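Participant: No sequence on hand, only this structure:
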Ligand code: 5GP
Ligand code: ZN
């Protein structure tokens, strides 16, 4: 298995998990850009958000549950946070397994790129 996040999901690669359900896992980013930097990742391999469809409603609601859990665990509703997903190299995607960055715990730059 060559996909790095499939290997994290299977447990072949270690990670600091903060949330897990049947469909998703959330773990700390290995190179945090802020005090809170968690990746919410579907267990199923999808290359990016472009492969998500309305048929994936159950997965989308699990992703939102995971995001809510990260928000609550870190008090991010009060302090502010950002959720980002990248598609394609020109947008900065480096791991081609869908993931949502949840970033917070400091003042974030306002630029979106
Ligand atoms: P992207 O650039 O694709 O939007 O984000 C990929 C993210 O995955 C980066 O923030 C990078 O630090 C993180 N990352 C890459 N490899 C690993 C890994 O093996 N473990 C963890 N926990 N994060 C990783
Ligand atoms: Zn994968």
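Facilitator: Here it is on my side, so go on. If you're wondering where the values come from, they're calculated on a predicted model, not measured in any experiment. Ligands and ions are numbered 1, 2, ... in the order given.

Participant: quick one, what contacts residue 6?
Facilitator: Residue 6 sits next to 45, 97 when contact means C-beta atoms under 8 Å, 6 or more residues apart in numbering. To be clear about C-beta, it is placed using only N, CA and C from the backbone, and glycine gets the same treatment.

Participant: measure it to residue 71 for me?
Facilitator: Residue 6 sits 26 Å away from residue 71, going by C-beta to C-beta, to the nearest Å.

Participant: Report the buried residues of stretch 49-62.
Facilitator: Buried positions in stretch 49-62, judged by neighbour count with 16 or more other C-beta atoms under 10 Å: 52, 56, 59, 60, 62.

Participant: contacts for that stretch?
Facilitator: Residues contacting stretch 49-62 (C-beta under 8 Å, 6+ apart): 21, 22, 23, 24, 42, 44, 46, 85, 87, 98.

Participant: Please repeat the previous calculation with a cut-off of 6 Å.
Facilitator: 21, 23, 24, 42, 85, 87 (C-beta atoms under 6 Å, 6 or more residues apart in numbering).

Participant: just for the chain, where's the confidence low?
Facilitator: The model of the chain has pLDDT under 70 over residues 1.

Participant: and residue 6, that's in a helix?
Facilitator: Yes: according to DSSP: H, G, I helix; E, B strand; the rest coil, residue 6 belongs to a helix.

Participant: Could you point out the helix or strand that follows the lengthiest helix in the chain?
Facilitator: Criterion DSSP state H: the longest helix present in the chain is helix 57-74. Downstream of helix 57-74, the next assigned helix or strand under DSSP states H and E is helix 76-79.

Participant: Thank you, goodbye.
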